[in-house]
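A.B. asks: build me a model:
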Amino acid sequence: MSVQGFVAAQQRLLDRHGVDADSRFVRLPVLCGGSAHVLVSGDGPPVLMVIGGGPPAALWVPLMAELEGFTLFAVDLPGFGLSDPMSYTTARLRAAGAAFLQQLLDALGLAAPPVVAQSMGGLWSAFLALEQPERVSSLSLVGCPAMIEGTSAPLLLRLTSIPWLRRMLLRLERPSPAAVDRFTSMAGEDLTHLPEMREALLEHMRLPDPGPALLEMHHAAVTPRGARPEVALTADQLSKLTHPVQLIWGENDPFGSIEAGTRAAEHIPNAEFHIVPGGHGPWLDEPTTVANLLTPFLHENSTTASPTHTHPRPKAAR
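C.D. replies: Predicted structure coming up:
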């Protein structure tokens, strides 16, 4: 359970892809005085990157290497990466997700940046855009956003919403390369061509918070039958997203079919829909393809200049 081990593996991943990123830790009220960790890289208009539940923000690194001309702020969700945890409950997931992102923007001094998000990060970004539309200039949702328009999680992940099974998995699932491969294969991804990424994810599994946080998040969001209605992103809600929205869908995404993505795009007034090779994290297979779709869209919807920032290198302890 070494924070130093994860920080070192994350740095090797950054070095492998030539990403010069600094770490910033910002204290947020929603984390009860705890801190959120953000990787910051690049120069240009700011872009917020919100990863899904489970992996650290470092999963974005292959895409960050391809996104030139922006200052990228990639955040670890609460309980994942180097961010402190928070309690995940169905009753507060929607409000807490939006509050986390709003407080993060305030702490970073960002008014209304474009947001690039995946999975649970996409759901939280949509919550923020619906509740505080003035804080977001556009949404780029890469991979199926969690709980969007009738989608859910694969069966095995839904079963972790059962308390006794969740407790058993916490006891039985030990960090190992095989466990990393099982986790990524459930997302329709094969990381054998990205050894530094696999190493970073293994060191992330060895941290104390991500395992319990992921299972608690699943319990808050799904039942064995599907998405909990309290947190689902419905067609009616999608129709109220007035921002420019870009949906970039992996053709083999196990969290949502191409048909589900097409339906979601039809409900959003100002949406574009793209299908790319890959699974739930299609930039892992096709970082250049995804970046080529994102870059003009982000430039078109960037409204502020790059902020001035000076950040320390990643720290070994929170």
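A.B. asks: please make it C-alpha for all contacts and neighbour counts, starting now.
C.D. replies: Fine.
A.B. asks: what residues does R135 make contact with?
C.D. replies: Going by Cα atoms under 8 Å, 6 or more residues apart in numbering, R135 touches 102, 111-113, 128-129.
A.B. asks: can you give me the neighbour number for P29?
C.D. replies: By other Cα atoms under 10 Å, 12 other residues sit near P29.
A.B. asks: distance from the chain centre to stretch 149-156, please.
C.D. replies: 17 Å (Cα atoms, centre = their mean, to the nearest Å).
A.B. asks: one more: stretch 120-128?
C.D. replies: Remark: stretch 120-128 is offset 9 Å from the chain centroid, using Cα atoms, centre = their mean.
A.B. asks: ok, now stretch 297-306?
C.D. replies: Its chain's C-alpha centre and that of stretch 297-306 lie 20 Å apart, by Cα atoms, centre = their mean.
A.B. asks: what mean pLDDT does it have?
C.D. replies: Averaged over stretch 297-306, pLDDT sits at 78.
A.B. asks: try stretch 260-273
C.D. replies: Mean predicted lDDT for stretch 260-273 stands at 96.
A.B. asks: stretch 180-191 now?
C.D. replies: Averaged across stretch 180-191, pLDDT comes to 91.
A.B. asks: for the closest residue to L67 other than its chain neighbours, phi and psi?
C.D. replies: Spatial nearest neighbour of L67, excluding adjacent residues (Cα to Cα, 6 or more residues apart in numbering): A291 at 5.9 Å. Taking degrees, to the nearest 10, you get phi -60, psi -40 for the backbone angles of A291.
A.B. asks: I'd guessed A291 sits against E66; true?
C.D. replies: Yes - if you go by Cα atoms under 8 Å, A291 and E66 touch, sitting 5.9 Å apart.
A.B. asks: strands along the stretch 151-300 of the chain, start to end?
C.D. replies: Applying DSSP state E, counting those that start in this stretch to the stretch 151-300 of the chain gives strands spanning 222-223, 226-227, 245-250, 271-276.
A.B. asks: the second one pairs with which strands?
C.D. replies: The one in question is strand 226-227. strand 222-223 (antiparallel) (DSSP bridges).
A.B. asks: for the strand it pairs with, the distance to its chain's centre please.
C.D. replies: 19 Å.
A.B. asks: if we can go back for a sec, show me the contacts for the residue nearest to L67.
C.D. replies: A291 touches 63, 66-67, 283, counting by Cα under 8 Å, 6+ apart.
A.B. asks: okay, the residues you listed in a markdown table with neighbour count and distance to R198 next?
C.D. replies: Output for the contacts of A291, formatted as a markdown table (neighbours: other Cα atoms under 10 Å; distance: Cα to Cα, whole Å):
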| residue | neighbour count | distance to R198 |
| --- | --- | --- |
| L63 | 23 | 16 |
| E66 | 19 | 20 |
| L67 | 20 | 22 |
| W283 | 26 | 15 |
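A.B. asks: between those, which is closest to V180?
C.D. replies: Nearest to V180 out of the contacts of A291 is W283 (Cα to Cα; 17.9 Å).
A.B. asks: now do the helices in the stretch 151-300 of the chain.
C.D. replies: Taking DSSP state H, counting those that start in this stretch as the criterion, the stretch 151-300 of the chain carries its helices at 155-159, 163-172, 177-186, 195-205, 210-221, 235-239, 258-267, 287-300.
A.B. asks: what is the fifth one packed up against?
C.D. replies: Of the remaining helices and strands, those touching helix 210-221 by 3 or more Cα pairs under 8 Å, 6 or more residues apart in numbering; DSSP states H and E are helix 90-108, helix 155-159, helix 163-172.
A.B. asks: where among these is the average confidence lowest?
C.D. replies: helix 163-172 (a mean of 63).
A.B. asks: tell me the most buried of the strands of the stretch 151-300 of the chain?
C.D. replies: Most buried of the strands of the stretch 151-300 of the chain, by mean neighbour count (mean count of other Cα atoms under 10 Å): strand 245-250, with a mean of 25.
A.B. asks: mind giving me the packing neighbours of it?
C.D. replies: strand 138-142, helix 258-267, strand 271-276.
A.B. asks: so which of those gets nearest P154?
C.D. replies: Between P154 and the helices and strands packed on strand 245-250, the tightest spacing by Cα to Cα is seen for helix 258-267, at 14.4 Å.
A.B. asks: next, the buried residues of the closest one.
C.D. replies: 258, 260-262, 264-267 (16 or more other Cα atoms under 10 Å).
A.B. asks: reformat those residues as a markdown table; add distance to V7.
C.D. replies: Converted to a markdown table, the buried residues of helix 258-267 look like this (distance: Cα to Cα, whole Å):
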| residue | distance to V7 |
| --- | --- |
| I258 | 36 |
| A260 | 37 |
| G261 | 35 |
| T262 | 39 |
| A264 | 37 |
| A265 | 38 |
| E266 | 42 |
| H267 | 41 |
